[in-house]
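Colleague: generate coordinates for the sequence data below:
(one chain, ligands or ions: 2)
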Amino acid sequence: MNTALSININKIALIRNSREGNYPDLIEYARQCIDLGAAGITVHPRPDQRHIRASDIAPLAALCEPLVNVEFNIEGNPFADAQGSYPGFMALVEASKPDQATLVPDTDSQLTSDHGFDLSTSGKTLEPIIRRLKDLGVRVSLFMDPDAEQIRRAADIGADRIELYTGPYAWAHKAKDGSLAEVITRFADAAEVAKSVNLGVNAGHDLNLDNLPALRNAIPHLLEVSIGHAFTVDCIQMGIAGAMSAYLDACIKS
Ligand SMILES: CC(=O)[C@@H](O)[C@H](O)COP(=O)(O)O
Ligand SMILES: NCC(=O)COP(=O)(O)O
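Modeller: Numbering: from 1, shown residues only. Ligands and ions are numbered 1, 2, ... in the order given. This next block holds a predicted model:
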């Protein structure tokens, strides 16, 4: 099966924010990604608004909403409260009603996302949030490590999907230290557990053209990958049309 490619545009927003003004235009960049074939746009509006700002969300939702084959995915910590002009994660999602919300256990101090949920501690507090989002018609995905028990807990509290945190996979792929086979097996087994409890499987973090094919071969039922950092860098090297073509090829059944 093909895997849907959702382009994370955080890093374009990071470049925009480094100067006054609106260059590059984030919405136009998202439109270009869609016109070139992206199946989705992903953003991670963090409370410090280091890249994606709260003011970006409504125009991005308006861009994606009318497009049948394009999904809008908002990632973030559902417990992140209002901070300055950031209204809080749940307020942003409830106002924009994206196709999917990917809940991530990030704290403000993190450079980037670097772990999945521990549902043995946060499961009870997440359950009503998941229910609220699903009542709004938003599909809920939980950012998870490849841990069988945790993934079963994700199903128990009503998640629709998990997003496997693929940072460790990407590092093992790059390290070429002999650890890759075991890591791939861990991710493949976790994806099978997800399938066994009727959870859809997404994946993301540090994915790129080098490591994506082996992940897709290991997880044939991989529904969606969200890719931003490497895609942005590859756009610099290859141009956006060339990069999009390469990533779309890597997401098609091999
Ligand atoms: C959840 C995940 O792995 C990425 O979406 C991450 O949120 C990227 O965030 P930064 O772009 O701030 O590194
Ligand atoms: N959920 C992962 C994502 O949206 C992008 O992660 P990355 O490709 O920027 O590491």
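Colleague: distance between the ends of stretch 2-18?
Modeller: 36 Å (CA to CA, to the nearest Å).
Colleague: what about it, average pLDDT?
Modeller: For stretch 2-18, mean pLDDT rounds to 98.
Colleague: tell me the buried residues in it?
Modeller: By neighbour count with 16 or more other CB atoms under 10 Å, stretch 2-18 contains the buried residues 3-13, 16. The way it works is simple: take the backbone N, C-alpha and C, and place the C-beta from them, glycine included.
Colleague: which residues of the stretch 151-254 of the chain lie near ligand 2?
Modeller: Residues of the stretch 151-254 of the chain that fall close to ligand 2, judged by CB under 6 Å from any ligand atom: 163, 204-207, 226-230.
Colleague: could you report the pLDDT at whichever residue of the stretch 101-250 of the chain sits closest to ligand 2?
Modeller: Going by CB to the nearest ligand atom, ligand 2 is nearest to Gly204 of the stretch 101-250 of the chain, at 2.7 Å. Gly204 is assigned a predicted lDDT (pLDDT) of 98.
Colleague: can you classify the nearest residue in space to it that is not next to it in sequence by secondary structure?
Modeller: Excluding its sequence neighbours, the residue lying closest to Gly204 (CB to CB, 6 or more residues apart in numbering) is Ser226, at 4.1 Å. Using DSSP: H, G, I helix; E, B strand; the rest coil, the structure places Ser226 in strand.
Colleague: before we move on, back to that, isn't the residue of the stretch 101-250 of the chain closest to ligand 2 up against Thr166?
Modeller: Yes: applying CB atoms under 8 Å, one finds Gly204 in contact with Thr166, separated by 6.2 Å.
Colleague: for Asp56, the count of nearby residues, please.
Modeller: Neighbour count for Asp56, taken as other CB atoms under 10 Å: 20.
Colleague: residues contacting it?
Modeller: Asp56 sits next to 13, 26-27, 43, 45 when contact means CB atoms under 8 Å, 6 or more residues apart in numbering.
Colleague: of all these, which two lie farthest apart?
Modeller: Greatest spatial distance in the contacts of Asp56: Ile27 and Pro45, 14.5 Å, computed using CB to CB.
Colleague: of the buried residues of stretch 2-18, which fall within the contact range of ligand 2?
Modeller: Asn8.
Colleague: a markdown table for the buried residues of stretch 2-18, including secondary structure?
Modeller: Formatted as a markdown table, the buried residues of stretch 2-18 follow (three-state DSSP):
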| residue | secondary structure |
| --- | --- |
| Thr3 | coil |
| Ala4 | strand |
| Leu5 | strand |
| Ser6 | strand |
| Ile7 | strand |
| Asn8 | strand |
| Ile9 | coil |
| Asn10 | helix |
| Lys11 | helix |
| Ile12 | helix |
| Ala13 | helix |
| Arg16 | helix |
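Colleague: which of the residues of the stretch 151-254 of the chain next to ligand 2 fall in helices?
Modeller: Among those, the members found in helices (DSSP state H) are 229-230.
Colleague: could you pull out the helices in the stretch 101-250 of the chain for me?
Modeller: All helices of the stretch 101-250 of the chain, identified by DSSP state H, counting those that start in this stretch, fall at 119-135, 148-156, 167-175, 180-196, 212-218, 229-238, 240-250.
Colleague: of the residues of the stretch 151-254 of the chain next to ligand 2 - the most surrounded one?
Modeller: Glu163 (29 neighbours).
Colleague: was I right to think Asn211 contacts His173?
Modeller: Yes: using CB under 8 Å, Asn211 makes contact with His173 at a distance of 4.1 Å.
Colleague: for Ala194, state which of the residues of the stretch 151-254 of the chain next to ligand 2 is nearest.
Modeller: Distances from Ala194 to these, taken by CB to CB, are shortest for Glu163, at 10.3 Å.
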